[in-house]
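S.K.: My questions are about this predicted structure, shown below with the sequence.
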Amino acid sequence: MEIVRISLLGGLLALDGTSVGQFMFSRPLVAGALVGWLLGDPAAGVVVGAILELYLLVSFPTGGSRFPEGATATVVAVAATVVTDAAGALPLAVAVGLVWGQLAGVSVTLMRRLNSRLVPEPGSRHPGPRRIWVSHLGAVLIDFVRGAVVTFLGVIVGRAVVGGMPGPWALSPAASVGLLLVGGSASIGILLRDLGGFRLRKTLFVTGLALGVLGARFL
Amino acid sequence: MSAFLRSFLIQGSWNYHTMLGSGFAFSMLPGLRELYGAEPDEMEASLERHLEHFNAHPYLAGVALGAALKLEADGADPETVRRFKLAVRGPLGSLGDALVWAAWLPGVSVLALALYWMGFPGWWAAVLFLGMYNIGHLALRFWGFRIGLIEGRMVGRRLERANLARWTARLKAAVALLLGLLVGAVLAGEDGLAASGWLWTALAACAFLAGLLVGHRAWRPAAATVVGVIAVLAALGALG
């Protein structure tokens, strides 16, 4: 029953991604905390969520763009990381989550193509309020089912990969987090570039950096 | 009010053909029922118009929705409604993308992450993110729908006065400061790079520079490299 609950949550979070509200429950930081709480390990959920949030800092849920589905990636990664205490579970689960997030992004593209056939053609005679209502809410339902199914399959694959991890893990837990932060650091560089680049923002960025170091040391 | 609530589902049937078109018609339905309830032919004609291709930032689509409702209520001719929607869709998309996706969302996200890496409880950071983000989100949606309903076709002037571009520029400056804060926290935090050792710190600096220099093209290679290294380490473990 646990996997059904996780999949339903995955469906709801997928809806929040673009179709309904966009309240950002689907951002990895929030989704990770929610799934972790659902699985009885909120701390693991938050760690995975924070790492994936760093990766997806530059992934925005714009209507037409293709993007990795952060919520699915997070749900799959958290569900996979809690299956074992073995060293290496966290990086392996995050890796599976990142790959699954890309696949989930492909499923979003396919669903949008399906929506093109589902909605009434512009200029079609007598579209009728009922037809519009049914096709629109039908598309929302399809998105929910898509999110739940993709999450369900991802959790099965993720748990099989992480749970079946065969041998010892070469890195310490701190080094594993370091490895994961390498990929996230690229997103920070990209975001700084999107904000105008280092040359334009150097004063603010360096001031923030100094405050961040002080905050991390003394708070 | 019903049209405003439905605007939260405006992207529900997003597609590559009409984009927000069907969602726009869906959101207009309660208002059109009130206006044309007794005239089914007028209602059908109006729905046909609003099913046409439309796109905008979802939070600012309410501006066009409110204004289109006012135009319909004022009895504007169909061509005026069509031209109005055609004129506003570009600006509402680019203004919203710049303000929300490129400034507000990353800003709040970066702040929450910085606090997390400084040692604040993760739950606290997630709740702060949700609360802060949605105050701005809901305020923008409500404001947009309201000025659309009040101003109608002249909503462009109201948007110009609001000077969203200036707000975006200010927000982006603040995000640059917060981004520095996040980097400092990740570097010096208890669970950050300082604890991982110089190798990972140096590699993270290289990835940061790659992102800074080549932008979004760096994302996939960086993520793929990390996934690849993890797969190799797992395989090495399996071999003993």
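M.R.: Received it, and whenever you're ready, just let me know what you need.
S.K.: When you work out contacts or count neighbours from here on, use the C-alpha atoms and nothing else.
M.R.: OK.
S.K.: so where is chain A shaky, pLDDT-wise?
M.R.: Scanning chain A for pLDDT under 70 picks out A:62-66, A:123-126, A:166.
S.K.: remind me, longest helix of it?
M.R.: helix A:129-163 (DSSP state H).
S.K.: now do chain B
M.R.: In chain B, assigned by DSSP H, the helix with the most residues is helix B:122-151.
S.K.: what's the helix or strand following that one packed up against?
M.R.: Heading C-terminal from helix B:122-151, the first helix or strand you meet, by DSSP states H and E, is helix B:155-162. For helix B:155-162, the packing partners by 3 or more C-alpha pairs under 8 Å, 6 or more residues apart in numbering or on different chains; DSSP states H and E come out as helix B:122-151.
S.K.: list the buried ones in the helix it packs on?
M.R.: B:122-123, B:125-130, B:133-134, B:137, B:140-142, B:144-149, B:151 (16 or more other C-alpha atoms under 10 Å in any protein chain shown).
S.K.: so what does that helix touch, helix or strand wise?
M.R.: Other elements packing on helix B:122-151 under the criterion 3+ C-alpha pairs under 8 Å, 6+ apart are helix A:28-38, helix A:42-55, helix B:61-73, helix B:105-117, helix B:155-162.
S.K.: cutoff 7 Å now
M.R.: Judged by 3 or more C-alpha pairs under 7 Å, 6 or more residues apart in numbering or on different chains; DSSP states H and E, helix B:122-151 is in contact with helix A:28-38, helix B:61-73, helix B:105-117.
S.K.: Extract the C-alpha set from the helix or strand following the second one and format it as PDB.
M.R.: Just to be clear, that refers to helix B:61-73. Next along the chain after helix B:61-73, taking DSSP H and E as the criterion, comes helix B:78-96. Once non-C-alpha atoms are left out, helix B:78-96 reads as follows in PDB (Å, rounded to 0.1, in the frame of the first residue of the first chain):
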ATOM      1  CA  PRO B  78     -15.300  40.000 -31.700                       C
ATOM      2  CA  GLU B  79     -12.400  41.500 -33.700                       C
ATOM      3  CA  THR B  80     -11.500  43.800 -30.900                       C
ATOM      4  CA  VAL B  81     -11.500  41.000 -28.400                       C
ATOM      5  CA  ARG B  82      -9.300  38.900 -30.800                       C
ATOM      6  CA  ARG B  83      -6.900  41.800 -31.400                       C
ATOM      7  CA  PHE B  84      -6.600  42.500 -27.700                       C
ATOM      8  CA  LYS B  85      -5.700  39.000 -26.900                       C
ATOM      9  CA  LEU B  86      -3.200  38.900 -29.700                       C
ATOM     10  CA  ALA B  87      -1.600  42.100 -28.500                       C
ATOM     11  CA  VAL B  88      -1.200  41.100 -24.800                       C
ATOM     12  CA  ARG B  89      -0.100  37.500 -25.000                       C
ATOM     13  CA  GLY B  90       3.600  38.300 -25.800                       C
ATOM     14  CA  PRO B  91       4.100  40.900 -23.100                       C
ATOM     15  CA  LEU B  92       2.200  38.900 -20.500                       C
ATOM     16  CA  GLY B  93       4.500  35.900 -21.300                       C
ATOM     17  CA  SER B  94       7.800  37.700 -21.200                       C
ATOM     18  CA  LEU B  95       7.000  39.900 -18.200                       C
ATOM     19  CA  GLY B  96       5.800  36.900 -16.200                       C
END
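S.K.: How about the contacts made by the residue nearest the centre of chain A?
M.R.: By C-alpha atoms, centre = their mean, chain A has its centre lying nearest to residue A:70, at 1.6 Å. Applying C-alpha atoms under 7 Å, 6 or more residues apart in numbering or on different chains to residue A:70 gives the contacts A:26-28, A:56, A:101.
S.K.: The helix or strand containing residue B:46: which residues count as buried?
M.R.: Under the criterion of DSSP H and E, residue B:46 resides in helix B:40-50. For helix B:40-50, burial by neighbour count (16+ other C-alpha under 10 Å) applies to B:43-50.
S.K.: Also near chain A: which of these, exactly?
M.R.: Among the buried residues of helix B:40-50, the ones lying near chain A by C-alpha under 7 Å from any C-alpha of the partner chain are B:44, B:48.
S.K.: Closest to residue A:120 out of the buried residues of helix B:40-50?
M.R.: Minimum distance to residue A:120 across those is 9.2 Å, recorded for residue B:48 (C-alpha to C-alpha).
S.K.: Quick one, grab the pLDDT at that closest one.
M.R.: Note for residue B:48: predicted pLDDT of 86.
S.K.: Not including adjacent chain positions, what is the nearest residue to residue B:214?
M.R.: Nearest residue to residue B:214, sequence neighbours excluded (C-alpha to C-alpha, 6 or more residues apart in numbering or on different chains): residue A:190, at 7.7 Å.
S.K.: typo on my end, residue A:30
M.R.: residue B:126 (5.2 Å).
S.K.: tell me the angle the helix or strand in which residue A:199 is found makes with helix B:105-117.
M.R.: Secondary-structure assignment from DSSP H and E places residue A:199 in helix A:198-218. On the basis of axes from the mean of the first three to the mean of the last three C-alpha atoms, to 10 degrees, helix A:198-218 is oriented at 30 degrees to helix B:105-117.
S.K.: Any part of stretch B:90-102 near chain A?
M.R.: Yes: using C-alpha under 7 Å from any C-alpha, stretch B:90-102 reaches chain A at residue B:101.
S.K.: and the end-to-end length of that stretch?
M.R.: Using C-alpha to C-alpha, to the nearest Å, the end-to-end distance of stretch B:90-102 comes out at 16 Å.
S.K.: same deal with stretch B:93-103?
M.R.: So stretch B:93-103: terminal residues 14 Å apart, C-alpha to C-alpha.
S.K.: neighbouring contacts of that stretch?
M.R.: Against stretch B:93-103 from outside (C-alpha under 7 Å, 6+ apart): A:60, B:55-57, B:60, B:168, B:171-172, B:175.
S.K.: Neighbour-wise, which one of these leads?
M.R.: The member of the contacts of stretch B:93-103 surrounded by the most neighbours (other C-alpha atoms under 10 Å in any protein chain shown) is residue B:175, with 29 neighbours in all.
S.K.: What helices and strands are in contact with the helix or strand containing that one?
M.R.: Counting by DSSP H and E, the element that carries residue B:175 is helix B:164-188. Applying 3+ C-alpha pairs under 7 Å, 6+ apart, we find helix B:164-188 packed against helix A:198-218, helix B:105-117, helix B:193-196.
S.K.: tell me the mean pLDDT for it?
M.R.: 95.
S.K.: how much distance is there from it to the middle of the chain?
M.R.: 17 Å (C-alpha atoms, centre = their mean, to the nearest Å).
S.K.: that older thread, looking just at contacts, which helices and strands does the next helix or strand after the longest helix of chain A meet?
M.R.: Later in the chain than helix A:129-163, the nearest helix or strand by DSSP H and E is helix A:173-194. Judged by 3+ C-alpha pairs under 7 Å, 6+ apart, helix A:173-194 is in contact with helix A:42-55, helix B:193-196, helix B:198-214, helix B:219-239.
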